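Asker: Build me a model from this:
(one chain, ligands or ions: 1)
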Amino acid sequence: MTYNMENYDQTYQDFKLEVPEYFNFARDIVDKWADEEDKLAMWWVGDEGSEIKKTFADFKVGSSKLANVLKDLGIKKGDRVFLLLPKVPQWWETMLALMRLGAIIMPGTSQLMPKDIKYRFEASDGVAIITDEENAPKVDEVADQIPQLKVKIVVGQREGWTNYQEAVDAASSDFTVENTKSDDPAILYFTSGTTGYPKMTVHTNASYGIGHIITGKFWLDLKPGDLHWNLSDTGWAKAAWSSIFGPWNMGAAVFVQHSVGKFGPKETLKLLEKYPITTLCGPPTAYRLFVLDDLKKYNFASLRHCVAAGEPLNPEVIEVWKKATGTTIRDGYGQTESVLMVATFPCLDVKFGSMGKPSPGFYVSVIDEDANEVEANQEGDIAVRIKPERPVGLFKEYYNDPERTQASIRGDWYLTGDRAYKDEDDYFWFVGRADDVIISSGYRIGPFEVESALVEHPAVAESAVVASPHEMRGEVVKAFIILAPGYQGSDDLVKDIQNYVKSNTAPYKYPREIEFVEELPKTISGKIRRVELRDQEKKNKLAKMAKGEAAADKE
Ligand SMILES: Nc1ncnc2c1ncn2[C@@H]1O[C@H](COP(=O)(O)OP(=O)(O)OP(=O)(O)O)[C@@H](O)[C@H]1O
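Answerer: Take a look at the predicted model:
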């Protein structure tokens, strides 16, 4: 098999992204593909199995018409526009229309509530919204508290709103694209809010539009002719990574399923079998659910490449998936603030449990408190070198928040807020978010390693490991576990799981406390919110300690 990157070391050394002074993704990338006759850009599947296929030329025409509609409604370069649509073709069309205008796109997930919508408008000074019939009432609920909101467009019908399709159908497709500078702000993305309130990151035309060449070419390994499926919701940066900028930079088509509500693993696997999907990008949670199914009954004939990102990827899951499908899930690490920064690129040998090596175009390392790079196998902060040159694929700043922007810099480095160590071969091993690391009897314990050992036990479907306050040890490791189908929680099972972890990792890491739960707290994007479990645990334990009840556990 030939990959887009054959030799990692050589590519890492030679690769450099070229950034022209002016760049507009809609004009310079999409319209270029649109010149190729019938070139497929999207294969969309609706809830009832209906299908729409769209070419790059279709998107060029549709988004130019919408750009005219928006312009006539008074939207201009630099205006912040809230895009709140689920996985419908209009989401892609609107992204491109706003780029043509040079407006700043603020994507959000349809699962937001009226108060979240208000917060986002206030934080960004947004002047317009494009949404659907389901979400429009939420906007109307708070619209009188957003005085600057002047344009409301709905996909569907609603009184007081501009009808998207009618307006587009009546508009001209002749639109002169705003000649945006590469460094002009283009997208405001909110982070997932795993550790706190979502942060607003500013991306330029170049940081995502050009930066994601790295994501699409080297990690997703896409080529024209591929049909790529990203499971992520349109509201998160992962959609920018893997549903538009990554694949369309490479001329690949995106497969889209209009899934609303909860993620259905069985339905996803069936679609993966039915359609000629060549590459799949999903969060580790999705793969964790896939491997609970009997994968032998499926035939994924077209699938050649799978990746995961957003959370640590457990080695056990990679193994089971590989046995069933023949493809290795390649881990990728990055943030809303960045494009892909570290990955097990297809040309690299996989070290199970490692995130892989730095992306070409990024100098990523592990540093200490004094901004010095640490030795191999020493834990520290994952950081990106930003001086003398800032990588193209890194955000510009946090919006209207110079203090936060400053706090993310240490010396010549941007701090990711994550902890890891690098081995002798420069492979990165994720330890945890800086706040999630557990310190017990003087040992530092990363939750990921314990969770990975736990998930290897047949009774464990999913788990979250956090620190729980302890009188003698400061903190102990506590695991919240969702059991696999057919298992019942019992003291014997607790012992069995503990013994299993003791014999599979350094024994001091085993969870001294285990609680079986039906659900884990997650962000809307599906990431485990350990902070919530930790806070709840702290509250419960401190109350118990105050009553003298927690003192019993003094082994
Ligand atoms: N491959 C990966 N392995 C381990 N962790 C990952 C991986 N990819 C992403 N992450 C985690 O996700 C984070 C980036 O996620 P995102 O930008 O969506 O916001 P968040 O950090 O989840 O939310 P917030 O910053 O609001 O708390 C990374 O900093 C890292 O902690």
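
Asker: Closest to the centroid, which residue in this protein?
Answerer: Residue closest to the mean C-alpha point of the chain, counted by Cα atoms, centre = their mean, is residue 238 at 3.7 Å.

Asker: Tell me which stretches of the stretch 51-200 of the chain form helices.
Answerer: 56-72, 89-101, 114-124, 136-142, 164-170 (DSSP state H, counting those that start in this stretch).

Asker: Not counting sequence-adjacent ones, nearest residue to the residue nearest to the centre of the chain?
Answerer: Using Cβ to Cβ, 6 or more residues apart in numbering and skipping the chain neighbours, the partner closest in space to residue 238 is residue 232 (3.7 Å). Any C-beta I mention is one placed from the backbone N, CA and C, and that applies to glycine too.

Asker: if I look at that neighbour, how far off is residue 177?
Answerer: 27 Å (Cβ to Cβ, to the nearest Å).

Asker: swap in residue 448?
Answerer: As for residue 448, its distance to residue 177 is 44 Å (criterion: Cβ to Cβ).

Asker: Show me which of those two is the more surrounded one.
Answerer: In terms of neighbours (other Cβ atoms under 10 Å), residue 448 is the more surrounded of residue 448 and residue 177; the figures are 23 against 18.

Asker: Check that one and give its pLDDT.
Answerer: The model reports residue 448 with a pLDDT of 86.

Asker: what does the one 4 residues further on give?
Answerer: Looking at residue 452, its pLDDT reads 88.

Asker: is it true that it touches residue 319?
Answerer: No: between residue 452 and residue 319 no contact is recorded; they are 11.3 Å apart, counting by Cβ atoms under 8 Å.

Asker: which one of the two has more residues nearby?
Answerer: residue 452 (23 against 15).

Asker: Skip the chain neighbours and tell me the closest residue to that one.
Answerer: In space, not counting the residues next to it along the chain, residue 452 is nearest to residue 314; the distance is 4.4 Å by Cβ to Cβ, 6+ apart.

Asker: got the residue ranges for the helices in the stretch 401-550 of the chain?
Answerer: Under the criterion DSSP H, counting those that start in this stretch, the stretch 401-550 of the chain carries helices at the ranges 402-407, 447-455, 491-504, 530-547.

Asker: relative to helix 447-455, how tilted is the third one?
Answerer: In terms of direction (axes from the mean of the first three to the mean of the last three Cα atoms, to 10 degrees), helix 491-504 departs from helix 447-455 by 120 degrees.

Asker: Need the residues that contact helix 491-504.
Answerer: Among residues not part of helix 491-504, those counted as contacts by Cβ atoms under 8 Å, 6 or more residues apart in numbering are 450, 453-454, 456-457, 459-460, 479, 481, 487, 509-512, 514.

Asker: Those residues of the chain touching the ligand, which are they?
Answerer: Of all the residues in the chain, those in contact range of the ligand (Cβ under 6 Å from any ligand atom) are 191-196, 198-199, 237, 309-312, 331-336, 355, 416-418, 430, 433, 527.

Asker: List buried residues within those.
Answerer: In terms of neighbour count (16 or more other Cβ atoms under 10 Å), the buried residues within the residues of the chain next to the ligand are 191-195, 198-199, 237, 309-312, 331-336, 355, 416, 418, 430, 433, 527.

Asker: now the helices: where do they sit in the stretch 251-400 of the chain?
Answerer: Taking DSSP H, counting those that start in this stretch as the criterion, the stretch 251-400 of the chain contains helices spanning 265-274, 284-290, 315-325.

Asker: follow-up on the earlier one: so who does the residue nearest to residue 452 touch?
Answerer: Contact criterion Cβ under 8 Å, 6+ apart gives 284, 288, 353, 451-452, 455-456 as the residues in contact with residue 314.

Asker: Which of those are buried? Put it as a ChimeraX command.
Answerer: To isolate the buried subset of the contacts of residue 314 in ChimeraX, counting by 16+ other Cβ under 10 Å, use the following:
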select :284,288,353,451,452,455
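
Asker: Could you export the contacts of residue 314 as a markdown table, including distance to residue 502?
Answerer: Putting those into a markdown table (distance: Cβ to Cβ, whole Å) gives the following:
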| residue | distance to residue 502 |
| --- | --- |
| 284 | 24 |
| 288 | 23 |
| 353 | 18 |
| 451 | 15 |
| 452 | 14 |
| 455 | 16 |
| 456 | 13 |
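
Asker: if I pick residue 230, what's in contact with it?
Answerer: Residues in contact with residue 230, defined by Cβ under 8 Å, 6+ apart, are 238-239, 241-243, 247, 254, 281-282.

Asker: What backbone torsions are found at it?
Answerer: phi -110, psi 130 (degrees, to the nearest 10).

Asker: Nearest residue to it in space, please, no chain neighbours.
Answerer: Setting aside the residues directly before and after it, residue 230 is nearest to residue 242 in space (Cβ to Cβ, 6+ apart), at 3.8 Å.

Asker: swap in residue 73?
Answerer: Distances taken as Cβ to Cβ, 6+ apart put residue 151 closest to residue 73, at 4.8 Å, once the chain neighbours are dropped.

Asker: That neighbour contacts residue 160, doesn't it?
Answerer: No: using Cβ under 8 Å as the test, residue 151 is too far from residue 160 to be in contact (11.6 Å).

Asker: Of these two, which one has the most company?
Answerer: Each of residue 151 and residue 160 has its neighbours counted (other Cβ under 10 Å); residue 151 has more, 18 against 9.

Asker: Count residues in the vicinity of whichever residue of the stretch 1-150 of the chain sits closest to the ligand, would you?
Answerer: Per Cβ to the nearest ligand atom, the residue of the stretch 1-150 of the chain with the smallest distance to the ligand is residue 109, at 11.7 Å. Other residues lying near residue 109 total 21 when counted by other Cβ under 10 Å.

Asker: Would you mind confirming that it makes contact with residue 238?
Answerer: No: applying Cβ under 8 Å as the test, residue 109 and residue 238 come out as separate, 11.0 Å apart.

Asker: which residues are common contacts for the two?
Answerer: Shared contacts of residue 109 and residue 238, defined by Cβ under 8 Å, 6+ apart, comprise residue 525.
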